[in-house]
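Chemist: sequence isn't available, so here's the structure alone:
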Ligand code: 5GP
């Protein structure tokens with residue numbers, strides 16, 4: 001008789017290499033995977049070793065992966081060892097999601113999701129490393145298709161300019177009102193610029209979605225955690241500029257971030273590499289898609305095609321979003 005197909009799917013939040021695992025009962029039976037892979041868990045009967053297949057893999061046989069519980073213990077013991085060696089042990093090495101958060105990044109249960117025609121469009125969140133210029137990308141893609149895509153109108157405490165309209169460029173508010181809203185967690189993010197406060201409210205996103213438009217926001221990656229909810233079902237795109245090996249190779253160095261006419265030094269390139277690495281390490285597990293930006297035009301085209309696919313195709317989302 002046929003075994004029922006397992007419906008348990010997990011997104012891997014860490015890399016696993018059975019050949020380096022001293023705990024596995026059999027290295028050859030292990031299933032290697034990378035962060036971001038979707039695993040179909042065929043059996044959770046054993047407390048320590050689950051059996052799983054990688055989705056999209058032609059290999060039909062299941063392999064062994066550490067159970068969530070077992071991997072948790074492994075990370076916990078390792079973080080103890082690290083913290084004994086070095087009290088400042090980085091969160092990356094301990095594989096925890098946040099400095100002040102003891103939740104380990106192991107698996108996230110996911111399911112296939114496709115937006116139905118009568119459903120609110122998903123929120124599209126852009127994060128970018130140094131030089132990515134995501135705001136420009138966002139504005140361009142929206143300007144081409146303003147009836148389908150929109151930004152969340154931010155709040156600001158700066159005075160309104162004569163050509164601006166309340167609720168179009170910004171919601172213009174007093175400092176007191178802004179502070180009160182911030183205090184009440186109404187913003188997904190806010191910051192100061194030239195002594196004025198700017199921020200994007202949750203309500204601003206909702207009001208775009210209420211018009212049945214796809215809302216695009218660009219935020220600091222710290223805001224991701226608050227946005228990952230069933231209500232918004234964010235699709236997270238990490239934009240990083242293609243960084244040339246060296247600024248001496250002129251043809252390559254002229255394009256990163258679209259800054260065609262700027263002189264870029266080796267230090268700038270190194271800073272860009274570091275910025276991309278840091279975001280990848282700290283927030284990579286919350287990213288649905290990485291967009292490598294060669295130049296503004298091709299990045300816009302790619303972003304446009306991602307947005308079109310979002311409305312048509314099926315994507316993996318946390319099970320808690322669709323219950
Ligand atoms: P302006 O006052 O010229 O319209 O905007 C100046 C700057 O304010 C922008 O370049 C941007 O850096 C910042 N800004 C605009 N909207 C927001 C927002 O929603 N959040 C944050 N943190 N900064 C914003």
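Modeler: On my side now, so go ahead. Note that this is a predicted model, so its numbers are computed, not measured. Numbers count the residues shown, from 1 in each chain.
Chemist: now residue 301, what's its secondary structure?
Modeler: Reduced to three states with DSSP: H, G, I helix; E, B strand; the rest coil, the structure at residue 301 is helix.
Chemist: show the pLDDT at it.
Modeler: Note for residue 301: predicted pLDDT of 98.
Chemist: residue contacts, it?
Modeler: With CB atoms under 8 Å, 6 or more residues apart in numbering as the criterion, no residue contacts residue 301. Backbone N, C-alpha and C define where each C-beta goes, glycine included.
Chemist: for residue 201, give its distance to residue 23.
Modeler: Using CB to CB, to the nearest Å, residue 201 is found at 48 Å from residue 23.
Chemist: more neighbours: which of these two?
Modeler: residue 201 (21 against 12; other CB atoms under 10 Å).
Chemist: show me which positions of stretch 223-237 end up buried.
Modeler: By 16 or more other CB atoms under 10 Å, the buried positions in stretch 223-237 come out as 223, 224, 227, 228, 232, 233, 234, 235, 236, 237.
Chemist: what sits closest to the spatially most central residue of the chain if chain neighbours are left out?
Modeler: In the chain, the centroid-proximal residue (CA atoms, centre = their mean) is residue 287; its distance is 2.6 Å. Spatially, and ignoring its direct neighbours in sequence, residue 287 is nearest to residue 238 (4.4 Å; CB to CB, 6 or more residues apart in numbering).
Chemist: hmm, the one you found is touching residue 218, no?
Modeler: No: Residue 238 lies out of contact with residue 218 (CB atoms under 8 Å); the separation is 11.3 Å.
Chemist: show me the common contact partners of those two, please.
Modeler: 127, 128.
Chemist: just put the buried residues of stretch 223-237 in TSV and tack on secondary structure.
Modeler: Converted to TSV, the buried residues of stretch 223-237 look like this (three-state DSSP):
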residue	secondary structure
223	helix
224	helix
227	helix
228	coil
232	coil
233	coil
234	coil
235	strand
236	strand
237	strand
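Chemist: and the residues you listed, which two are the farthest apart?
Modeler: Using CB to CB, the buried residues of stretch 223-237 span at most 15.5 Å, a distance reached by 223 and 233.
Chemist: how close does residue 190 sit to the ligand?
Modeler: Residue 190 sits 5 Å away from the ligand, going by CB to the nearest ligand atom, to the nearest Å.
Chemist: right, and that residue touches residue 204 too?
Modeler: No: assessed by CB under 8 Å, residue 190 is found out of contact with residue 204, at 11.7 Å.
Chemist: higher neighbour count, those two?
Modeler: A count of neighbours by other CB under 10 Å puts residue 204 above the other of residue 190 and residue 204, at 22 against 18.
Chemist: surely that one forms part of a strand?
Modeler: No: using three-state DSSP, the assignment for residue 204 is helix, not a strand.
Chemist: tell me the contacts of it?
Modeler: 152, 153, 154, 155, 171.
Chemist: and the gap between it and residue 182?
Modeler: Separation of residue 204 from residue 182 (CB to CB) stands at 14 Å.
Chemist: how near is residue 175 to residue 157?
Modeler: For residue 175, the distance to residue 157 equals 5 Å [CB to CB].
Chemist: name the residues contacting each of those two.
Modeler: residue 197.
Chemist: between the two, which one's more packed in?
Modeler: The neighbour comparison of residue 175 against residue 157 (other CB under 10 Å) goes to residue 157, with 19 against 10.
Chemist: give me the nearest residue to the more buried one, chain neighbours excluded.
Modeler: Nearest one to residue 157, counting by CB to CB, 6+ apart, is residue 197 at 4.6 Å.
Chemist: could you show which parts of the stretch 51-200 of the chain are in contact with the ligand?
Modeler: For the stretch 51-200 of the chain, the residues in contact with the ligand (CB under 6 Å from any ligand atom) are 154, 158, 189, 190, 191, 193, 198, 199, 200.
Chemist: determine which two of those residues are furthest apart.
Modeler: 158 and 189 (17.0 Å).
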